[in-house]
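Student: Take this sequence and fold it.
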Amino acid sequence: MNTKCPECYRDLVERTVQKEGPNFGRKFLTCPQQPSCKIPKNDPRGSNFVWLDGQPSNRQSPKRQKVDTEGTLEAINNLRHEILSVGNQVAELRALMLGSGDVDPSARPMPSPRAGVPKFGQH
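Tutor: Below is the predicted model of the structure:
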């Protein structure tokens, strides 16, 4: 194993990964001038970074998780309609508490649930 940086020819120094993650605690050799001393990947001269245990990096590419937007929008719409329903119940209770007995439709602050209300996410 070459212990000199192929870019600046300085002796590589031993370091330990301090950042939490899959490589935490692993030892490696690197150029003391890092990050200013850069060498491209696959450079025929070699590398200025070497894991001391000889194993490849434990870093795994983060995989994008598919978000179920359909289920999320459906849940939002269900909650919205529940809120509308509670608003109507509050209006009815308010009318009863005021002693009118009959609920005046104009006193309702919100439309009836699911009646002509566009779904969230639809225009």
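Student: Give the closest residue to Val50 in space, chain neighbours not counted.
Tutor: Take Val50 and drop its neighbours on the chain: the residue closest to it by Cβ to Cβ, 6 or more residues apart in numbering is Leu29, 4.6 Å away. Using the backbone N, CA and C atoms, a C-beta is placed for each residue, glycine as well.
Student: Could you confirm the one you found falls within a helix?
Tutor: No - counting by DSSP: H, G, I helix; E, B strand; the rest coil, Leu29 is not found in a helix; it is strand.
Student: where's it relative to Gln18, distance?
Tutor: Noted for Leu29: a distance of 16 Å to Gln18, by Cβ to Cβ, to the nearest Å.
Student: For the helix or strand hosting Ile76, what does the pLDDT average out to?
Tutor: Here Ile76, judged by DSSP states H and E, is contained in helix 69-97. For helix 69-97, the mean per-residue pLDDT is 83.
Student: buried set for that helix?
Tutor: Residues 77, 81, 84, 88, 91, 95 are the ones in helix 69-97 that count as buried (16 or more other Cβ atoms under 10 Å).
Student: May I see those organised as CSV, with distance to Gln34 added?
Tutor: Shown next, in CSV, are the buried residues of helix 69-97 (distance: Cβ to Cβ, whole Å):
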residue, distance to Gln34
Asn77, 53
His81, 58
Leu84, 59
Asn88, 65
Ala91, 67
Ala95, 74
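Student: Poorly predicted segments of the chain, please.
Tutor: 1-2, 59-68, 100-123 (pLDDT under 70).
Student: domain assignment for it?
Tutor: Split into domains by automatic domain parsing, the chain comes to 1-55, 68-123.
Student: picking up where we left off before, burial measure for the residue nearest to Val50, as a count.
Tutor: 19 (other Cβ atoms under 10 Å).
Student: Tell me the spacing between it and Cys5.
Tutor: For Leu29 relative to Cys5 (Cβ to Cβ), the value is 9 Å.
Student: Can you check which residues contact both of these two?
Tutor: Leu12 (Cβ atoms under 8 Å, 6 or more residues apart in numbering).
Student: which residues of this protein fall in strands?
Tutor: 13-16, 27-30, 49-51 (DSSP state E).
Student: I'm done for today, thanks for sticking with me.
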